[in-house]
Structures are given as C-alpha cells and as structure tokens.
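Chemist: have a look at this prediction, sequence included:
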Amino acid sequence: LLGLTPTDYDVATDATPDRVRALFRRSCEVGAHFGVVLVRVLPAEIDPNDLPAGAGEPDADARAGIVVEVATFRSDGPYSDRRRPDAVTFSTPEDDAHRRDFTINALFLDPLAPPEAPGVRGRVIDYVGGRADLAKKIVRAVGDPEARLAEDHLRALRAVRFAARLGFDIEPATGEAIRRHARDLVGVSRERIGDEVRRMLSHPARARAAALLASLDLDAPTLGITLSDAGLRTLMELGAAPALPNELAAIWRAGFGSEGAPIERPPFPAALAAMLSHELAGGASRGGSSGTLRASLVLSNDEHAALRDTLDALARLRTDWPALEVAARKRLAARPAFVEALRILRADDPDRARAIAEEVETLAADGVGLAPPPLVTGDHLVDRGHRPGPAFKGVLDATYDAQLEGAIKSPKEGILFAGRLLGGASGA
C-alpha cells in the first residue's frame, strides 16, 4: 500500500500447527505453544512467475530455499513476563488482528483474491482501521494503548522505530501511554532494547528516532543518558551517514553530563569529560545501571571498542589538538576513528572542524604523509645486535615519531636514531 517492497512475508492461517506440519514435511515448531511453525520452501518448489518483477538472479540464501513463519490465528492470555502470553487460544482472524500491537501492523493480505489496489497482489483485510491510519500516516495502538504496552513494553520502541522509518506521527493517546510507561522499559531485557536501537540506527531516519525517544521520555531508559536539544540538532546535522557503532558516538555526544548540566560547545565541559572517562572505562558490569551505552545496549566488544575509539578521538580533537606535536597529530589523523570523530565535530563545531581538516591536509602533503610505512622495525634492531626487551616499543614509537616529523628520512638514519636511544654503540 505504501509502494515499498517487503523483505519477507509471514503467513497467518486457521490451520493448527499439527495441520501445518502435516501439509509441509520440511517444517519445524519454534513455538507450538504459540501456534508458530517454520516452513522451508525449496527453490524447485517456487514458481518463477511468483517472484517480483526485476528480481534478478537469486542470492545464496534464496538458492538454499525460503523459510516462512506460519502462525495459527489466536487470542492471547495475560503477559505476566511482559513479553509473551502465558497461554494462547486458537481463534479467528479478527481476534488475531486485535491482539497485535499497532493498527498498521494488523493488516492481512489474501494473495489469492482479486487485486483491489494498484501494486497490491490480492485483497487487504482490515479489522482495526489500519488502512485509514496508513493513509493518515499515524502509528496507533490496537485498542487500548495502555493494555498493548502492558503486554510488552518493548512496543514503545517499536512505535518509535516505525514512526521514524515511515515518517509517521504517533497517535496522541498512544504517545501519552508510551510516555507514562517509559520507565517500565527497565523490565525489558537490555538485549531486546539493544536490538531495537540497532534497527533504528541502521536507518537514515535515525536522528528523528532519537528525537522521538527524547520527546517520549524514552531516552534515559533506553540509552542510559538524556538527550539534549543541542545534541539532537547536532545529530540531525550528521545526516544519513553510517550507523552503529559510530553513530552511537554522536548519540552519546548528544547527552547531558552526570550533574545534569547540558553539553555545550567549547570549551569542553568538565561534565562531558567525566562522562567520557566513565564510558571509556566501560562503566559498571554488564547489565548494570552504569549510564553507559555499552551497558544500556549490551554492545559487543568490537562495537564498544569502536565507540571508545571514536569518543577518544573526538575528545582529543576538542581538547588536545592545538597542543599536539606534528607526530601526534598525524597519528591521530591516521586512526580509523578520526574520520567519524571529525564528522561529529563538524556537525557540532564546524569552525574548529574546518581548521583541523585544513591542517590535516597540509600534514598529508608534507612529503612524509600521515601514516607512511615505518623505516625501522624490531627486526632491524635485532639484526643490529639489540636484544628485544621492554624498551623496544618505546624506542620504535619514538623513531616513528621522528620519521613522521621528517627528522629521519632513511632506514639508516632511523637505525642510528634508534641505536642512540637504546644505548648507542651496537646500534651504530
């Protein structure tokens, strides 16, 4: 109905799980208690005429077959764990529609019926007013929004994701219910919250998603930080560039300090420095209330390392850059995190970012470059009779710094330089 191409289809049916398994031998139950069966369809069983026009050659996954989730129409019992119903009753399509979260998510398509709208293969069946809300660009809870949220508080984040991705508004009563229950997100697993945030940040509308989180008081329960108006403007200015984990640095940058003082433009405030120190240290243990993105979103080690690198580079650009020597500036500019840190700084403080970018261009064109291959390695020093030891790394770093600054221009000069640092005689 929106002219978009679905990534997959789920099937809803009055067939019970036993009947589905009898009809499709390549099937397995993933939630018989909830009436859900996965059915695998092999490529040979797919009619080419059923494939979308212009689909092209199937990818590896398609050649291996398609897995379809088949669920029996049902009504749900109470959600005591705020995630899954305690029990289900197989029921009617109308009952099934009324148990779903939002009206635009409660539409059925009968693909075998004659088409009733351009581009729609079949008849759309609507028991909850979803088509009207789709036309009005509204995300509205099915029935009582308080009841829908009480069943699963993660639905608050799903509402934000749908509204941001589709450019829709959240219906006022649904939005108020989300705001009233924002703190109830603490009862949802951090892994599920992290998955929702990843899906938000993987879309170009991530800045609007962040703004919705803030307006609905979901930012602190979700991210562990409160987003400032100035920070959200900075996030908007970043545009639709890459998402996780670098966009997390911008999300973090949009926060408030631990004392509640907003992050302001230069000078770099003490509150932000304290937050940075806490985040770089990793905060409290996994799952704890540390106020860090790592704990709030259960970041992987690689994701957290990338976030820390970007935040560290951003802090150094804001505080240390003017005092850095040439070698230190080159080392910073050569780090993978530098580009993302500069992008965030450009949105936050364009004059400073422009000056740094110009200085980096000058450094890159000085005949040495930002990250040339080292003229001297540990093998060179061993070949000259030096025994590896704790001093090696410091000497090699100092030698490379001298190379970056143009003080040494050949391996011979570098070996002599390193030899003097190691004690002289054998290095010559």
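Modeler: That came through fine. Residues are numbered from 1 along each chain as shown.

Chemist: ok, now which ones touch residue 14?
Modeler: With contact taken as CB atoms under 8 Å, 6 or more residues apart in numbering, residue 14 is in contact with 72, 73, 90, 92, 93. (Each C-beta comes from the backbone N, C-alpha and C, glycine too.)

Chemist: for the first one, which non-adjacent residue is spatially closest?
Modeler: Read that as residue 72. In space, and not counting its chain neighbours, residue 72 is closest to residue 35: 3.5 Å by CB to CB, 6 or more residues apart in numbering.

Chemist: for that neighbour, give its distance to residue 28.
Modeler: Per CB to CB, to the nearest Å, residue 35 is found 14 Å from residue 28.

Chemist: who has more neighbours, the two?
Modeler: Per other CB atoms under 10 Å, whichever of residue 35 and residue 28 has more neighbours is residue 35, with 23 against 12.

Chemist: thought the more buried one was touching residue 69?
Modeler: No - counting by CB atoms under 8 Å, residue 35 does not reach residue 69; the two are 10.8 Å apart.

Chemist: and stretch 24-36, what's buried?
Modeler: Taking 16 or more other CB atoms under 10 Å as the neighbour-count basis, stretch 24-36 is seen to contain the buried residues 24, 27, 34, 35, 36.

Chemist: before we move on, what about stretch 185-201?
Modeler: 185, 188, 190, 192, 193, 194, 196, 197, 198, 199, 200, 201.

Chemist: rewinding a little: cross the contacts of residue 14 against helices and list the overlap.
Modeler: Residues of the contacts of residue 14 located in helices (DSSP state H): residue 93.

Chemist: okay, who's weakest in the contacts of residue 14 by pLDDT?
Modeler: Ranked by pLDDT, the contacts of residue 14 bottom out at residue 90, which has 88.

Chemist: ok, now which ones touch it?
Modeler: Listed by CB under 8 Å, 6+ apart, the contact set of residue 90 reads 14, 16, 35, 72, 73, 74.

Chemist: what about the buried residues of stretch 24-36, which are in strands?
Modeler: Using DSSP state E to define strands, the subset of those located there is 27, 36.

Chemist: give the contact list for the spatially closest residue to residue 101 that is not a sequence neighbour.
Modeler: Spatial nearest neighbour of residue 101, chain neighbours left out: residue 155 (4.8 Å); criterion: CB to CB, 6+ apart. Listed by CB under 8 Å, 6+ apart, the contact partners of residue 155 are 101, 102, 141, 148, 149.

Chemist: from residue 161, how far off is residue 155?
Modeler: When CB to CB is applied, the distance between residue 155 and residue 161 equals 10 Å.

Chemist: and residue 332, by the same measure?
Modeler: Distance of residue 332 to residue 161, computed by CB to CB: 35 Å.

Chemist: what's near enough to touch the nearest residue to residue 378 once chain neighbours are set aside?
Modeler: Spatial nearest neighbour of residue 378, chain neighbours left out: residue 392 (5.8 Å); criterion: CB to CB, 6+ apart. For residue 392, the set of contacting residues under the criterion of CB under 8 Å, 6+ apart consists of 378, 381, 386.

Chemist: next, count neighbours for the first one.
Modeler: Residue 378 is flanked by 15 other residues according to other CB under 10 Å.

Chemist: could you list every residue that touches it?
Modeler: The neighbours of residue 378, taking CB under 8 Å, 6+ apart as the test, are 388, 392, 396.

Chemist: how near is it to residue 393?
Modeler: Computed as CB to CB, the residue 378 to residue 393 distance reads 9 Å.

Chemist: quick one, what contacts residue 237?
Modeler: For residue 237, the set of contacting residues under the criterion of CB under 8 Å, 6+ apart consists of residue 347.

Chemist: can you offset everything so residue one is 44?
Modeler: Yep, numbering from 44; the last one is residue 280 now.

Chemist: element containing it?
Modeler: Element membership for residue 280, per DSSP states H and E: helix 272-281.

Chemist: neighbour-wise, give me the winner out of the contacts of residue 57.
Modeler: Neighbour counts for those (other CB under 10 Å) peak at residue 115, which has 23 neighbours.

Chemist: any idea what that one is bridged to?
Modeler: residue 56 (DSSP bridges).

Chemist: hang on, it packs against residue 61?
Modeler: No - taking contact to mean CB under 8 Å, the distance of 9.7 Å between residue 115 and residue 61 leaves them out of contact.

Chemist: let me know the secondary structure of residue 428.
Modeler: Judged by DSSP: H, G, I helix; E, B strand; the rest coil, the three-state class of residue 428 is coil.

Chemist: can you give me phi and psi for it?
Modeler: Phi and psi for residue 428, reported as degrees, to the nearest 10, are phi 100, psi 0.

Chemist: what does residue 182 give?
Modeler: With angles defined as degrees, to the nearest 10, residue 182 shows backbone torsions of phi -100, psi 110.

Chemist: which pLDDT value belongs to it?
Modeler: Listed pLDDT for residue 182 reads 97.

Chemist: quick one: low-confidence ranges for the stretch 94-243 of the chain?
Modeler: 94-107, 120-130 (pLDDT under 70).

Chemist: now the helices: where do they sit in it?
Modeler: Using DSSP state H, counting those that start in this stretch, the helices of the stretch 94-243 of the chain run over 103-107, 136-141, 173-179, 188-194, 198-209, 215-223, 233-244.

Chemist: so for the helix ranked longest in the chain, what gets flagged as buried?
Modeler: When the chain is scanned for its longest helix (criterion: DSSP H), the result is helix 344-362. Within helix 344-362, the residues that qualify as buried by neighbour count (16+ other CB under 10 Å) are 346-347, 349-361.

Chemist: export the helix or strand following it as CSV, just CAs?
Modeler: On the C-terminal side of helix 344-362, the closest following helix or strand by DSSP H and E is helix 369-377. Extracted in CSV, the C-alpha atoms of helix 369-377 (Å, rounded to 0.1, in the frame of the first residue of the first chain):
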residue,chain,number,x,y,z
VAL,A,369,53.3,17.0,14.4
ALA,A,370,53.8,13.3,15.0
ALA,A,371,50.9,13.1,17.5
ARG,A,372,48.6,15.0,15.1
LYS,A,373,49.5,12.6,12.3
ARG,A,374,48.9,9.5,14.4
LEU,A,375,45.5,10.8,15.5
ALA,A,376,44.6,11.7,11.9
ALA,A,377,45.6,8.2,10.7
